[in-house]
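Undergrad: Sequence and predicted structure below; questions after.
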Amino acid sequence: MQQPDRWIAHLDMDAFYASVELLRYPQLRGEAVVIGGRRADAPRQLQDGSWRYARLRDYTGRGVVTTSTYAARDLGVFSAMGLMKAALRAPDAILLPADFDSYRKYSRLFKAAVAEVAPVIEDRGIDEIYIDLTDVPGVRDAVGHDPLGGVKAVAREIKNSVGRATGLSCSIGITPNKLLSKIASELDKPDGISVLTLDDIPPRIWPLAVRKINGIGPKAGEKLVRLGIETVGDIAAASPAWLVEQFGDSYGHWLHNAAHGRDSRPVVTHSEPVSISRETTFERDLHAVHDRALLGQIMDELCESLARDLARKRYAGKTVGIKLRFEGFVTVTRDQTLKAAVASAADIRHAVGLCLKRVKFDKRLRLMGVRIGNLVHAGEAQATAPARERADEPERENLSLF
Ligand code: DCP
Ligand code: MG
């Protein structure tokens, strides 16, 4: 077997919030437990040392299930279900309130434990991460006759490290890319390890429902099913031209590639900036009308610098904002949220034009800045929801004051 170029892991904690609660109440292990109650639902220890728990059947209100143990899932109780509906299915299930501080603490602990084995980690939220294992020593080694022995050993080591640090279990998918690993980590949940190579795509990935692909949401999923496309294999068998016809150029091609398990997005390790901005203070105060050409040129340059920053950091952003400081130190900001993330100087400049239209220019300007927020990874903007339409915006011409 040929080793793939990269080995990427996706790790997702098992029944995360519920499992953290079971560390505190180990006597509930194996029981149907639901997280989602109110503070008043917290267990109480009685004088004789025994515990009293709130039960789903006693719940009234509009709360929803945050998560549930696997024993509760066996009874049909899942995340996002109304608690009263859940009570019909599992009246005896124990209800516990959520304690976000301890989930955050265990989140930090499990990520630190993984970092001891494999440091190249992309944080994807409270209970999941991607890990690039490509350069972990031994990952490409065969063990006996198993060419995947090395990668499986690294997976076990990561799980052991997480278990030792937290007492919690997780599931890991390891494949040549993030798209496949995200799917693979669910294949053998809980407490599972799934290693897939590209050869496993037809037997393991193609039978799955289209919604198993991260990036096929409810809308695209429904449309695919309406078109008679139910499995990932059905997408793979469809012609790219037909997919493009149905879903547009960008998303159509993305669907085709995703169904064939192609994804080159890197594991991004650094922490995420909230926004990126550029600003400049003028040598002399400038007049919106008399210095219009110069102001326009400065704004063009700011947008170009910002676009270069975005390209270097591989981001796109959905919200573009301006900052203007007038003489007398009056600062004005405006922003414009677009329907799709943008990254080019021209797209940023266009959004800036929309912001500028909403400013009254009755004083001289001393500073101008442009900011882009609501950031997404450039690769991901493509991989998840490609832009097909723009925000409800007027035509591009004659927008800017300068
Ligand atoms: N969560 C939430 N609301 C949801 C889904 C999840 O608040 N609709 C929280 C509770 C989960 C945590 O996020 O414990 C992680 O979500 P997962 O989807 O990974 O679910 P679990 O970790 O609970 O279960 P699994 O074993 O399926 O990963
Ligand atoms: Mg989870």
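TA: Perfect, I can see it now. Ligands and ions are numbered 1, 2, ... in the order given.
Undergrad: So which bits of the stretch 1-150 of the chain are right by ligand 1?
TA: By CB under 6 Å from any ligand atom, the residues of the stretch 1-150 of the chain that approach ligand 1 are 12-17, 66-67, 79-80, 126-127. In this view, the C-beta of every residue, glycine as well, is placed from N, C-alpha and C.
Undergrad: Revised request: answer the last question for the stretch 151-300 of the chain.
TA: Going by CB under 6 Å from any ligand atom, the residues of the stretch 151-300 of the chain near ligand 1 are 189-190.
Undergrad: give me every residue that touches the closest residue to ligand 2 within the stretch 251-400 of the chain.
TA: Residue nearest to ligand 2 within the stretch 251-400 of the chain: residue 267 (18.7 Å; CB to the ion). Counting by CB atoms under 8 Å, 6 or more residues apart in numbering, residue 267 touches 8, 120-122, 130-132, 178.
Undergrad: hmm, 7 Å instead?
TA: 8, 120, 122, 130-132 (CB atoms under 7 Å, 6 or more residues apart in numbering).
Undergrad: Would you mind checking which of these is nearest to residue 158?
TA: Taking CB to CB as the measure, residue 158 lies nearest residue 131 of the contacts of residue 267, at 7.3 Å.
Undergrad: now the closest residue to that closest one other than its chain neighbours: how far from ligand 1?
TA: Distances taken as CB to CB, 6 or more residues apart in numbering place residue 9 nearest to residue 131, at 4.2 Å, with adjacent residues excluded. For residue 9, the distance to ligand 1 equals 15 Å [CB to the nearest ligand atom, to the nearest Å].
Undergrad: What strand or helix carries residue 9?
TA: strand 8-13 (DSSP states H and E).
Undergrad: Mind checking the pLDDT average for that strand?
TA: Taken as a whole, strand 8-13 has a mean pLDDT of 98.
Undergrad: likewise stretch 225-242?
TA: pLDDT averaged over stretch 225-242 gives 98.
Undergrad: Quick check: buried residues in that stretch?
TA: 229, 231-236, 238 (16 or more other CB atoms under 10 Å).
Undergrad: And the residues you listed, which is closest to ligand 2?
TA: For those, the nearest to ligand 2 is residue 232 (21.6 Å; CB to the ion).
Undergrad: tell me the contacts of whatever residue of the stretch 51-200 of the chain ends up closest to ligand 2?
TA: Closest contact between the stretch 51-200 of the chain and ligand 2, by CB to the ion, is at residue 127 (4.4 Å). With contact taken as CB under 7 Å, 6+ apart, residue 127 is in contact with 12-13, 16, 107.
Undergrad: Need the pLDDT of it.
TA: 96.
Undergrad: For it, give its distance to residue 216.
TA: Between residue 127 and residue 216 the computed distance is 21 Å (CB to CB, to the nearest Å).
Undergrad: Could you say which helix or strand holds residue 162?
TA: helix 149-166.
Undergrad: All the helices of the stretch 251-400 of the chain, in order from the start?
TA: Assigned by DSSP state H, counting those that start in this stretch, the stretch 251-400 of the chain shows helices spanning 292-313, 345-356, 378-383.
Undergrad: so of those, which one's packed in deepest?
TA: Burial of the helices of the stretch 251-400 of the chain is given as mean neighbour count (mean count of other CB atoms under 10 Å); helix 345-356 ranks first at a mean of 22.
Undergrad: What helices and strands are in contact with that helix?
TA: helix 292-313, strand 315-326, strand 331-342, strand 365-377 (3 or more CB pairs under 7 Å, 6 or more residues apart in numbering; DSSP states H and E).
Undergrad: quick one: which of those is nearest residue 173?
TA: strand 365-377 (19.7 Å).
Undergrad: got the angle for that closest one vs strand 315-326?
TA: 160 degrees (axes from the mean of the first three to the mean of the last three CA atoms, to 10 degrees).
Undergrad: With just CA atoms, put strand 365-377 into CSV.
TA: Coordinates of the C-alpha atoms in strand 365-377 are reproduced here as CSV (Å, rounded to 0.1, in the frame of the first residue of the first chain):
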residue,chain,number,x,y,z
LEU,A,365,-10.5,64.0,7.5
ARG,A,366,-7.4,63.2,9.5
LEU,A,367,-7.4,59.3,9.4
MET,A,368,-8.9,56.6,7.3
GLY,A,369,-9.0,52.8,8.1
VAL,A,370,-10.5,49.7,6.6
ARG,A,371,-11.3,46.5,8.5
ILE,A,372,-12.5,43.1,7.5
GLY,A,373,-14.1,40.8,10.1
ASN,A,374,-16.3,37.7,10.2
LEU,A,375,-13.3,35.8,8.9
VAL,A,376,-13.3,32.4,7.4
HIS,A,377,-10.3,30.4,6.1
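Undergrad: Low-confidence regions, the stretch 201-350 of the chain specifically.
TA: 271-272 (pLDDT under 70).
Undergrad: And the residue of it closest to ligand 1?
TA: residue 214 (11.8 Å; CB to the nearest ligand atom).
Undergrad: residues in contact with that residue?
TA: Neighbours of residue 214 in contact, by CB under 7 Å, 6+ apart: 179, 182.
Undergrad: Does it fall in a helix, a strand, or a coil region?
TA: Following DSSP: H, G, I helix; E, B strand; the rest coil, we place residue 214 in the coil state.
Undergrad: my guess is the residue nearest to residue 131 meets residue 175, correct?
TA: No: using CB atoms under 7 Å, residue 9 makes no contact with residue 175, being 8.4 Å away.
Undergrad: shared neighbours, these two?
TA: Both residue 9 and residue 175 are in contact with residue 181, where contact means CB under 7 Å, 6+ apart.
Undergrad: What parts of the protein come near ligand 2?
TA: Contact residues, the chain versus ligand 2 (CB under 5 Å from the ion): 12-13, 16, 127.
Undergrad: one more time with 8 Å, if that's ok
TA: 12-16, 67, 127-128, 170-171 (CB under 8 Å from the ion).
Undergrad: Just the ones of these in helices?
TA: Under the assignment DSSP state H, the residues of the chain next to ligand 2 contribute residue 16 to helices.
Undergrad: For PyMOL, what selects the buried ones among the residues of the chain next to ligand 2?
TA: Here is the PyMOL command that selects only those of those that count as buried (16+ other CB under 10 Å):
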select buried, resi 12+13+14+15+16+67+127+128+170+171
